[in-house]
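> Have a look; sequence and predicted model below, questions after that.
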Amino acid sequence: MVRGIERRRIFRDAQDREAFLERLGTVLSETGTPCLAWALMPNHVHLLVTTGKTPLAAVMQRLLTGYAGDFNRRYRRHGQLFQNRYKSILCEKEPYLLELVRYIHLNPLRGKLVRGLAELDRYPYAGHSVLLGHQHRAWQDTTFILGHFGQHGRAARRAYRAFVAAGKPESRRPELMGGGLIRSIGGWGEVRTLRQSGVRVKGDERILGETSFVLEILAAHEEALRRRRHSHVDIQDLEALAQRAAAMCGVDVQSILAKSQQSAVVAARSLLAYWAIQELGVTATLLAKRLGLTQPAISIAARRGERIARERGLIHV
């Protein structure tokens, strides 16, 4: 979801909306990003997309920067159009996908942009009318969503519309706007009860899914951060390890960087590889670049270094 700065309008008329949708279609098509649901409101936009090869950040940057530039030129204004960064939520497809589609497509009705479901059926600025076949947007993936409601077009559309109609009485649903793990343990009331008992609940408002899904995503995020932290070799730490390895094996530090095959030098290089990977978290690929060796050679050296360290009682440095 992206919102106008200070909640101001980002669409002043139909021309603005069509300009945004034309740009959206171009960006989604060129980046191979399927769109499953969408709704344009006066001061914000909802998009439900399936991420592909192009990162979402790149997709949104192209879309928002381009539209903001056109908007400012058209209205002879300057400065930001959108409020900070867009808000993104990673969604587990089951059981939340269809709920999100319905929630997003009912936005114009909840926002009183249309007077009823019949008017929403043909409203041109939400994906609901496209799923019903009343509007055409080539970049919207209708097959995937309608496939959840039946094998045949008309029957699937009738079932989809009935599903949307059933959600009409519902008001705003904050539980569909992120907060991973919250719904998995019984909602905010249960969270408050647990917190009063001194139990902290791990969650993330950027994730919508069940417990196992959220924990899996959080673990992957932590691993990505770890890899990012170690994406560059800390030269000082590496040199300190090299000096220690050289001293342990009675060789000169510079010889470790040379491609000498003397047994003492090989042992020192192996210890360095093992310690760098285990203690500093440096990847074999990055260490290979630093030492001018191949990645397989570093991996072999690290295994050898572990054996040497165990034999000499040097596991911890």
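Yes, it's here.

> Tell me who's in contact with Leu109.
Taking Cβ atoms under 8 Å, 6 or more residues apart in numbering, we find Leu109 in contact with 116-117, 120, 168. Just so you know, the C-beta spots here come from the backbone N, C-alpha and C atoms, and that holds for glycine as well.

> Repeat the analysis, applying 10 Å as the threshold.
With contact taken as Cβ atoms under 10 Å, 6 or more residues apart in numbering, Leu109 is in contact with 39, 115-117, 119-120, 123, 126, 128, 164, 167-168.

> try Arg9
Counting by Cβ under 10 Å, 6+ apart, Arg9 has contacts 16, 41-44, 81.

> which of these count as buried?
16, 41, 43-44, 81 (16 or more other Cβ atoms under 10 Å).

> Pick out the most distant pair among those.
Met41 and Leu81 (14.6 Å; Cβ to Cβ).

> Can you give me the domain assignment for the protein?
Following automatic domain parsing, the chain resolves into domains at 2-166, 178-229, 235-312.

> Now render those domains as a markdown table, adding mean pLDDT.
Listed next are these as a markdown table, based on pLDDT from 0 to 100:
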| stretch | mean pLDDT |
| --- | --- |
| domain 2-166 | 93 |
| domain 178-229 | 55 |
| domain 235-312 | 84 |
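
> Please enumerate the strands of the stretch 201-317 of the chain.
Using DSSP state E, counting those that start in this stretch, the strands of the stretch 201-317 of the chain run over 207-208.

> Neighbours of the closest residue to Phe149 other than its chain neighbours, how many?
In this structure, Phe149 finds its nearest non-sequential neighbour in Ala159, 3.8 Å apart by Cβ to Cβ, 6 or more residues apart in numbering. Neighbourhood size, Ala159 [other Cβ atoms under 10 Å]: 13.

> now the residue most central in space within the chain, which residues is it bridged with?
Taking Cα atoms, centre = their mean, the centroid of the chain lies closest to Leu90, which sits 6.2 Å from it. Beta bridges link Leu90 to Ile207 when assigned by DSSP bridges.

> That one against Leu56, yeah?
Yes. Under the criterion of Cβ atoms under 10 Å, Leu90 makes contact with Leu56 at 9.4 Å.

> Tell me if Leu48 really is in a strand.
Yes. Under DSSP: H, G, I helix; E, B strand; the rest coil, Leu48 sits within a strand.
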